[in-house]
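K.L.:
need a structure here:
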Amino acid sequence: MAFTPPFCPHSGCQNHLRSNISTQNWFVRNGHSLNLRTGRYQRFRCRQCKQYFCENTFHLDFRSRQRLDYKRIFNSVNNGSGIRDIAREFKVSDKVVLNRLSRLARQAMATLAQIAMTHQITESIAVDGFESFVHSKYWPNNFTIAVGSKSQFVYACDYAQMRRKGRMTEKQREKRETLNQMYPIGDKQIRQSFLNVIDTILLRWQLHSRTNEQILDTDEHMEYLRGLETHQGWNQLCKSKLVSHRRTNSRMPRNQLNPLFPVNYFDREIRKDQACHVRKTVQWSKTVNNSMERMMIYLAYHNIFKPFRINERMKMSHAEMAGVDRNLIRSQKRFFFTRRSFIKHFALDVGQWKTWHRIWKTPVLDLKIENPDFAVV
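P.N.:
Got it, this is the predicted structure:
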């Protein structure tokens, strides 16, 4: 069956969005192109922008010299394998694996954004921070994660860089101060990350059609409380008694009776399934962008691929438990490993947008770019 392009792949063209295509004859077939590695492809030309493109433009392997099994990479990275483990399995370099993970991360963000465009949140939300580190333990970080209280569907994730804390020797403290002077960490990053998550939630929370107020569960972190006090939209909803904030001590037993159980459960799953976040790991993330990409991949895996409960033999995913239409989930899974996503076809939140464009900053790498002689000893 001959391939029919769904839209023009050039973002500046009027036919780039499906809704703008008014006729089926918006393109013409223009011969074939031959690639010795990937085969023969049909070429097309858009009648509107006069630009040429081919069938391979819409494939996830666009502009790649070697085709790998994306599904195997996806399953491996979400089941505890490190980057070099996957590279040895496929007999390629680690840079090739990182490139394929970047492509999968964009697919994951596109899938999550497509679901967010049509699905509203109808349950209470638990928000907490997941702490890890990037490059070295002198650069700890915090992933602010929002999880549905009933479905355990992950609705939002954002990133914050932190200063190293905890017990240190005098030499380690001196080194930390030296590094922080060379690359100062911005203040209130956890608060801003939390507010970004709140903005994402409020855009999707179905509030005005419900009689019962929805609950936002957090621990007793003061940055969360200070952030909500300055959020105008949240304060207006609180006055209307549509939402409320419930704080739980983080030392409470982490069982299913704990209001923070959904986010605690997801934290445990990350520790178990992501090699770069395992306790006492030797496979930590080297850059913030790579770390966020793997987190986005895991979010898609957790939300639409992983069963809600394995022991109870429930085939429903977390997305279905959250009320997402099953046909939408099937359509997203159908082309997840094959059809390339285009950014203008969906709306990303702040964290996803930064991850898609890879503009997160890694402190040590930024220092090396500014000062090539800099070295951490």
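K.L.:
Show me the strands in the stretch 51-200 of the chain, by range?
P.N.:
52-54, 125-134, 136-148, 154-161 (DSSP state E, counting those that start in this stretch).
K.L.:
May I see the ones you listed arranged in TSV, with mean neighbour count and mean pLDDT as well?
P.N.:
To be clear about C-beta, it is placed using only N, CA and C from the backbone, and glycine gets the same treatment. Formatted as TSV, those follow (neighbours: other Cβ atoms under 10 Å; pLDDT from 0 to 100):
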stretch	mean neighbour count	mean pLDDT
strand 52-54	19	93
strand 125-134	22	95
strand 136-148	22	94
strand 154-161	24	96
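K.L.:
Make TSV out of the ones you listed and add distance to residue 117.
P.N.:
Shown next, in TSV, are the strands of the stretch 51-200 of the chain (distance: least, Cβ to Cβ, whole Å):
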stretch	distance to residue 117
strand 52-54	25
strand 125-134	19
strand 136-148	17
strand 154-161	13
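K.L.:
Centroid-nearest residue for the protein?
P.N.:
The chain has residue 296 as the residue nearest its centroid, 2.4 Å off, counting by Cα atoms, centre = their mean.
K.L.:
got the contact list for that one?
P.N.:
Contacts were defined as Cβ atoms under 8 Å, 6 or more residues apart in numbering; by that measure residue 296 touches 105, 108-109, 112, 157, 352, 355.
K.L.:
and it, which of the three is it?
P.N.:
helix (DSSP: H, G, I helix; E, B strand; the rest coil).
K.L.:
And it, what's its pLDDT?
P.N.:
Residue 296 carries a pLDDT score of 96 in this model.
K.L.:
try residue 81
P.N.:
92.
K.L.:
Please name the nearest non-neighbouring residue to it.
P.N.:
residue 275 (6.3 Å; Cβ to Cβ, 6 or more residues apart in numbering).
K.L.:
where's the one you found relative to residue 244, distance?
P.N.:
38 Å (Cβ to Cβ, to the nearest Å).
K.L.:
Compare those two and say which is more crowded by neighbours.
P.N.:
The neighbour comparison of residue 275 against residue 244 (other Cβ atoms under 10 Å) goes to residue 275, with 22 against 13.
K.L.:
Tell me where the chain is predicted with low confidence.
P.N.:
Residue ranges of the chain with pLDDT under 70: 1, 36-38, 208-211, 312-314, 366-377.
K.L.:
Where is the longest helix in it?
P.N.:
Criterion DSSP state H: the longest helix present in the chain is helix 94-118.
K.L.:
got the angle between that one and strand 154-161?
P.N.:
Counting by axes from the mean of the first three to the mean of the last three Cα atoms, to 10 degrees, helix 94-118 lies at 130 degrees to strand 154-161.
K.L.:
now what about the helix or strand harbouring residue 42, what contacts it?
P.N.:
Per DSSP states H and E, residue 42 falls inside strand 39-46. The contact list for strand 39-46 (Cβ under 8 Å, 6+ apart) reads 2-3, 5, 8, 10, 13, 15, 26-35, 51-56.
K.L.:
filter the residues you listed to the buried ones?
P.N.:
Listed as buried from these are 5, 8, 10, 13, 15, 26-27, 53-56; burial here means 16 or more other Cβ atoms under 10 Å.
K.L.:
Which of the strands of the stretch 51-200 of the chain sits closest to residue 306?
P.N.:
For residue 306, the closest of those is strand 154-161, at 10.8 Å, according to Cβ to Cβ.
K.L.:
Please identify the pairing partners of the closest one and their relative orientation?
P.N.:
Applying DSSP bridges, strand 154-161 is found paired with strand 136-148 (antiparallel).
K.L.:
Run the angle between the partner strand and strand 125-134 for me.
P.N.:
Going by the same axes, to 10 degrees, strand 136-148 makes 160 degrees with strand 125-134.
K.L.:
Alpha carbons only: can I get strand 136-148 in CSV?
P.N.:
The C-alpha trace of strand 136-148 is given here as CSV (Å, rounded to 0.1, in the frame of the first residue of the first chain):
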residue,chain,number,x,y,z
SER,A,136,28.6,14.2,40.8
LYS,A,137,27.1,14.3,44.3
TYR,A,138,28.2,17.9,44.6
TRP,A,139,25.2,18.7,42.2
PRO,A,140,22.1,17.1,43.7
ASN,A,141,18.7,17.7,42.0
ASN,A,142,15.0,17.5,42.7
PHE,A,143,12.3,16.2,40.3
THR,A,144,9.0,17.6,41.4
ILE,A,145,6.4,15.0,40.5
ALA,A,146,2.6,15.2,40.6
VAL,A,147,0.7,11.8,40.8
GLY,A,148,-3.0,11.0,40.8
